[in-house]
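I need the structure of the sequence given here:
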Amino acid sequence: MAEDISDKLESIKIVAQEYADQSVGSLTVATTHTQARYVLPNTILNFTRKFNNISFHMQQGSPVDICENLSKGKVDLAIASEGMDSYDNLIVIPCFRWNRTIVARPDHPLASSAPLTLEKLSQYPLVTYTRGFTGRYQLGNAFANQGLTPDIRFTASDADTIKAYVRMKLGVGVISSLAYDIDVDSDLVAIDASHLFEPTVTKFALKRGVSIRSYMYGFMKLFSPHLTDSLINQALSTKSNAEVTEIFSKIDIPHY
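Predicted coordinates:
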């Protein structure tokens, strides 16, 4: 009860500040390496141009760290693909779907072996994300559903490290399709793996009961253009994430 009262008092302060001056403020976003490195740059650039009096702060961490910081009110907004749904005090809003890409050295057998199958992948050492990061559980499920056991030789929390170890011949990389940069990674062969795995959804999370300022609406719509003020407000008015899921089940979530 005390925590709820504290949240409401903080919301009153935020609303009062917005009425006083809507052109100034700060926005702190917690997210993972993949979102920070590969997805957010254009959004942040456009946001800072549109809201040039708003200071922007980013915190990177694991999905657990991100959700904990948001749950405790240390950040304004969280962006991740994992771990958010288990927090009852967070409102979770889907942003977009994405899938996976296999990265390999040009001299690797998979680079010239089509079509790609899970059975072929299981024959080689894999380099991929640490558990709890970037849809890792879906990778394991896909192999398990076919009675296969992947040879996961090395894991890391970010795609740049994974690609570095692929270059060192430690194995074949399984990364988010968001994380392959054709200019930077031209020395690696990218193989589409979207037919092998279920898509993963990147999501926003907001702390339930906390008022959000106008520029937060602006940031969310820049990051995820299918969102509208009306959709965001519907999500904010819900009492559970089951209700949020119901709202967005009728919306076509874009594929990145």
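
what's the average pLDDT for stretch 74-90?
Mean pLDDT, stretch 74-90: 90.

Also stretch 189-205?
The average of the pLDDT scores along stretch 189-205 is 94.

what's the answer for stretch 45-65, then?
Confidence for stretch 45-65, expressed as mean pLDDT, is 93.

Now do the buried residues in stretch 183-202.
Asp185, Leu188, Val189, Ala190, Ile191, Ala193, Leu196, Phe197, Pro199, Thr200, Thr202 (16 or more other CB atoms under 10 Å). For every residue, glycine as well, the C-beta is placed using N, CA and C.

Distance to Ile247 and secondary structure added to those, as a markdown table?
Output for the buried residues of stretch 183-202, formatted as a markdown table (distance: CB to CB, whole Å; DSSP: H, G, I helix; E, B strand; the rest coil):
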| residue | distance to Ile247 | secondary structure |
| --- | --- | --- |
| Asp185 | 37 | coil |
| Leu188 | 40 | coil |
| Val189 | 41 | strand |
| Ala190 | 35 | strand |
| Ile191 | 36 | strand |
| Ala193 | 31 | coil |
| Leu196 | 30 | coil |
| Phe197 | 26 | coil |
| Pro199 | 19 | coil |
| Thr200 | 20 | strand |
| Thr202 | 17 | strand |
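
nearest to Gly218, of those?
When those are compared for distance to Gly218 (CB to CB), Thr202 wins out at 18.5 Å.

Return the set of residues that bridge with that closest one.
Beta-bridge partners recorded for Thr202 (DSSP bridges): Phe96.

same question, Ile152
Ile152 forms beta bridges with Leu126, as assigned by DSSP bridges.

Could you pull up the residues touching it?
Residues near Ile152 by CB atoms under 8 Å, 6 or more residues apart in numbering: Pro125, Leu126, Val127, Thr128.

Most neighbours of all those, which one?
Looking at the contacts of Ile152 with neighbours defined as other CB atoms under 10 Å, the largest count falls to Thr128 at 26 neighbours.

so that residue touches Thr161, yeah?
No - using CB atoms under 8 Å, Thr128 is not in contact with Thr161, being 10.8 Å away.

and the two most separated of the contacts of Ile152?
By the measure CB to CB, Pro125 and Thr128 form the most distant pair in the contacts of Ile152, at 10.4 Å.

In space, what's closest to Ile212 - neighbours in sequence excluded?
Among residues not flanking Ile212 along the chain, Leu206 sits closest, at 6.5 Å (CB to CB, 6 or more residues apart in numbering).

residue nearest the centroid of the chain?
In the chain, the centroid-proximal residue (CA atoms, centre = their mean) is Ala80; its distance is 3.1 Å.

bridging residues for that one?
Beta bridges link Ala80 to Lys203 when assigned by DSSP bridges.

I'd guessed it sits against Thr200; true?
No - contact between Ala80 and Thr200 fails when scored by CB under 8 Å: they sit 10.4 Å apart.
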